[in-house]
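S.K.: return atomic coordinates for the entry below.
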Amino acid sequence: MIQALAQKNGGEQILVDRDGLCLLSIDGGGAGGPSALYILKHIMDELNEMRRVAGIGSVKPCEVFDLIGGIGTGGLISIMLGRLEMDIDECIAEYSELSETVFGGKLHQRNFTLDGKIDSRTDPERLEIAVKTVLNHRELPENSVLSDGKDRHCKVFVCSVAKKPAGITRLGSYEELDVGGTAPTICEAALATSSLPTVFDIDEIGGRESDGALRIDNVVGEVEAEAIDIWCPDTGDLKPLIKCFLSIGTEDRGLHPVSEQSFKFPSTNVVQLNISVDKAADHFVKLYRDLYSNGRFYRFNVQHGLLGTGLAEYITKPIIEIATDKYLDNSEEKIHVRRCASNLAVKQSMSFIQFA
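M.R.: Predicted structure coming up:
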């Protein structure tokens, strides 16, 4: 176990292995959403089994991670896990139902997938209906805002990519990211992170603009930047505060340029997605090579078997689960899952979130 010490505000020492930051980044990607959830389930099941053996109660992702960030399908999952505080099995069930509502049946639009194939896409009404159904299941008002003023242990944000003005906006569930404007509802945030048209103007809502690269589906850099803004804005020295940084992918799609004309939604703010998500992860590993080598940064991403499934992912759920299980059945990945779970299992305190 890591026994590194870090300096918290005020000069008091804290044990990173016990109270350090646990960060979760979830990629975007149509068919890969369930895969990301299955990967996280393997990790959560492993860590909760370790806790059971140690006589400690089980935990949900929102009780382990201090910050969860995502974009697209990863953004939807982030909201479910963090803002709605679902356990992993609840999230898988709700996401499966949401996928069937959004992508099932006869869709209203025809678009290209990221690999250039014609595929069915949805209109914003389907996603809005699906998200409101999820809120009803949680006995929450359909107009619930993403940042409702409650002090939750787990902070959540989703990324929305706008073309005009060009940039990434981070929409969060916490006061630090409510930097002016009208707080978006959970439904509006879901539409925004999915690059679907919505009733609000992205320029008129609260959020923090990013100076990072625009053409991304991997938000690991956004999670890093947001964590710095929250916990160490003066020094920018995040590394000593990190206990575990987990990045979960939705398959390496390689370089697949997409023209704006491929999307048929009127007034949809989208930009070309022409960067390999794993190249972003590889770049981050190089920057954080010490965390990677010390077992404090983990990247899981199914390399093959998901790309051909398309957006109607609920239909091919068994295929995605099989491909993910096969990926995690690799002896090397098994070791990484166990080490990651072992790191997260000893998380004792979320009080570190108050030190900023």
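
S.K.: what residues sit buried inside the host helix or strand of Ile335?
M.R.: Secondary structure from DSSP states H and E places Ile335 in helix 331-345. For helix 331-345, a neighbour-count test (16 or more other CB atoms under 10 Å) marks 333, 336-337, 340-341, 343-345 as buried. Using the backbone N, CA and C atoms, a C-beta is placed for each residue, glycine as well.

S.K.: secondary structure class for the residue nearest to Val285 when sequence neighbours are not counted?
M.R.: Distance criterion CB to CB, 6 or more residues apart in numbering; nearest residue to Val285, sequence neighbours excluded, is Tyr292 at 5.1 Å. Look at Tyr292: counting by DSSP: H, G, I helix; E, B strand; the rest coil, its state is helix.

S.K.: what about Tyr292, how many neighbours?
M.R.: Number of residues near Tyr292 (other CB atoms under 10 Å) recorded here: 16.

S.K.: and the gap between it and Phe245?
M.R.: As judged by CB to CB, to the nearest Å, Tyr292 and Phe245 stand 9 Å apart.

S.K.: so, low pLDDT: which residues of the stretch 251-356 of the chain?
M.R.: Low-confidence segments of the stretch 251-356 of the chain, defined by pLDDT under 70: 251-281, 304-317, 349-356.

S.K.: the helices in it, which residues?
M.R.: Remark: helices assigned in the stretch 251-356 of the chain by DSSP state H, counting those that start in this stretch are 277-287, 289-293, 317-328, 331-345.

S.K.: contacts for the shortest one, please.
M.R.: Just to be clear, that refers to helix 289-293. Contact with helix 289-293 is made by 239, 242, 245, 285, 297, as judged by CB atoms under 8 Å, 6 or more residues apart in numbering.

S.K.: which among the residues you listed count as buried?
M.R.: When the contacts of helix 289-293 are checked for burial by 16+ other CB under 10 Å, the buried set is 239, 242, 245, 285, 297.

S.K.: OK, contacts around the third one?
M.R.: Think Phe245. Applying CB under 8 Å, 6+ apart, the residues contacting Phe245 are 22-23, 25, 220, 223-224, 288, 291, 296-298.

S.K.: mind running it again at 10 Å?
M.R.: Phe245 makes contacts with 21-25, 67, 220, 223-224, 227, 238-239, 284, 288, 291-292, 296-299, 343, as judged by CB atoms under 10 Å, 6 or more residues apart in numbering.

S.K.: check the last one too.
M.R.: When contacts are counted by CB under 10 Å, 6+ apart, Phe297 is found next to 23, 220, 239, 242, 244-247, 281, 284-285, 287-291, 340.

S.K.: please repeat the previous calculation with a cut-off of 8 Å.
M.R.: When contacts are counted by CB under 8 Å, 6+ apart, Phe297 touches 242, 244-247, 284-285, 288, 291.

S.K.: one more: the second one?
M.R.: Taking CB under 8 Å, 6+ apart as the contact definition, Ile242 lies against 16, 20-21, 23, 291, 296-297.

S.K.: where do the strands of the stretch 151-300 of the chain begin and end?
M.R.: Per DSSP state E, counting those that start in this stretch, the stretch 151-300 of the chain has strands spanning 155-162, 167-172, 208-210, 242-248, 297-300. These are given in chain order.

S.K.: counting by contacts, list what the longest one packs against.
M.R.: Right, strand 155-162. With contacts taken as 3 or more CB pairs under 8 Å, 6 or more residues apart in numbering; DSSP states H and E, strand 155-162 sits against strand 67-71, helix 73-78, strand 167-172, helix 186-193, helix 220-231.

S.K.: again with the second one
M.R.: When contacts are defined as 3+ CB pairs under 8 Å, 6+ apart, strand 167-172 sits against strand 155-162, helix 186-193, strand 208-210, helix 220-231.

S.K.: and the ones you listed as CSV, adding distance to Glu128?
M.R.: Compiled in CSV, these are given as follows (distance: least, CB to CB, whole Å):
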stretch, distance to Glu128
strand 155-162, 15
helix 186-193, 5
strand 208-210, 24
helix 220-231, 24
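
S.K.: which of the ones you listed sits closest to Ser99?
M.R.: Comparison of the helices and strands packed on strand 167-172 against Ser99 by CB to CB identifies helix 186-193 as nearest, at 13.0 Å.

S.K.: so for the closest one, mean pLDDT?
M.R.: Per-region confidence: helix 186-193 scores 91 on mean pLDDT.

S.K.: what does stretch 81-91 give?
M.R.: 98.

S.K.: how close does Asp217 get to Gly28?
M.R.: Applying CB to CB, the value for Asp217 to Gly28 is 4 Å.

S.K.: closest one of the contacts of Ile242 to Asp234?
M.R.: Distances from Asp234 to these, taken as CB to CB, are shortest for Leu21 (16.1 Å).

S.K.: doesn't Leu241 make contact with that closest one?
M.R.: Yes. Contact status for Leu21 versus Leu241: in contact at 5.1 Å, counting by CB atoms under 8 Å.

S.K.: need the nearest residue in space to Cys232, chain neighbours excluded.
M.R.: Closest residue to Cys232 in three dimensions, ignoring its sequence neighbours and counting by CB to CB, 6+ apart: Leu238, at 5.7 Å.

S.K.: typed the wrong thing, it's Ile39
M.R.: With sequence-adjacent residues excluded and distances taken as CB to CB, 6+ apart, Ile39 is closest to Phe300, at 4.8 Å.

S.K.: what residues are up against that neighbour?
M.R.: 39, 246-249, 328, 333, 336-337.

S.K.: in the protein, where's the longest helix?
M.R.: The helix spanning the most residues in the chain, taking DSSP state H as the definition, is helix 33-53.
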